[in-house]
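In: Starting from these lines, generate the structure:
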Amino acid sequence: MPSYHIFIGERDPFMQRTLTHILGEAYQISFFETGQALVSAVQNTPPDLIITEILLPEMDGFRICQTLKNSPTTRHIPIIIFTWLMAEQRARQAGADLFFLKPPNAAHLLKSIQGLLKQRTSP
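Out: From the prediction side, this is the model:
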């Protein structure tokens, strides 16, 4: 299996551990605790997929999604918005490819990530 790199915007230590447990064996993952840090990292080294919480400091998940989906160099990167908030419609309007409520169903999350990575197109 290819070594896909996933950037995750998440500041809750419990959710970081949970996502590491679910994804850490199958994917290379990097966590970012602010929206601005995530966007800067994506612009420097684009990942294969992004998972982001809505409630991040400096730039929320909706703005992260809009910013990256409006850029020709990053619009192809699949983005999953992952949160406690009932905000699926806003996530879709921001350009998210998928929306998940926390806590994650590990099997469903893995299957969804695999599907997004298979259909991903290059810039």
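In: so how far does stretch 88-106 reach from one end to the other?
Out: 19 Å (C-alpha to C-alpha, to the nearest Å).
In: Tell me which residues of the longest helix along the chain come out buried.
Out: Looking across the chain with DSSP state H, the single longest helix is helix 106-119. Residues of helix 106-119 classed as buried under the neighbour-count rule (16 or more other C-beta atoms under 10 Å) are 109, 112-113, 116-117. In this view, the C-beta of every residue, glycine as well, is placed from N, C-alpha and C.
In: And for stretch 86-104?
Out: 87, 90-91, 94-100, 104.
In: cool, and stretch 39-50?
Out: Applying a neighbour-count criterion of 16+ other C-beta under 10 Å, one finds 39, 41-42, 46-50 buried in stretch 39-50.
In: Let's verify Arg11: helix, strand, or coil?
Out: coil (DSSP: H, G, I helix; E, B strand; the rest coil).
In: Apart from its neighbours in sequence, what residue is nearest it?
Out: Of all residues not flanking Arg11 in the chain, Glu33 sits nearest, at 4.1 Å (C-beta to C-beta, 6 or more residues apart in numbering).
In: Quick check: the one you found touching Leu56?
Out: Yes: taking contacts as C-beta atoms under 8 Å, Glu33 lies within contact range of Leu56: 7.3 Å.
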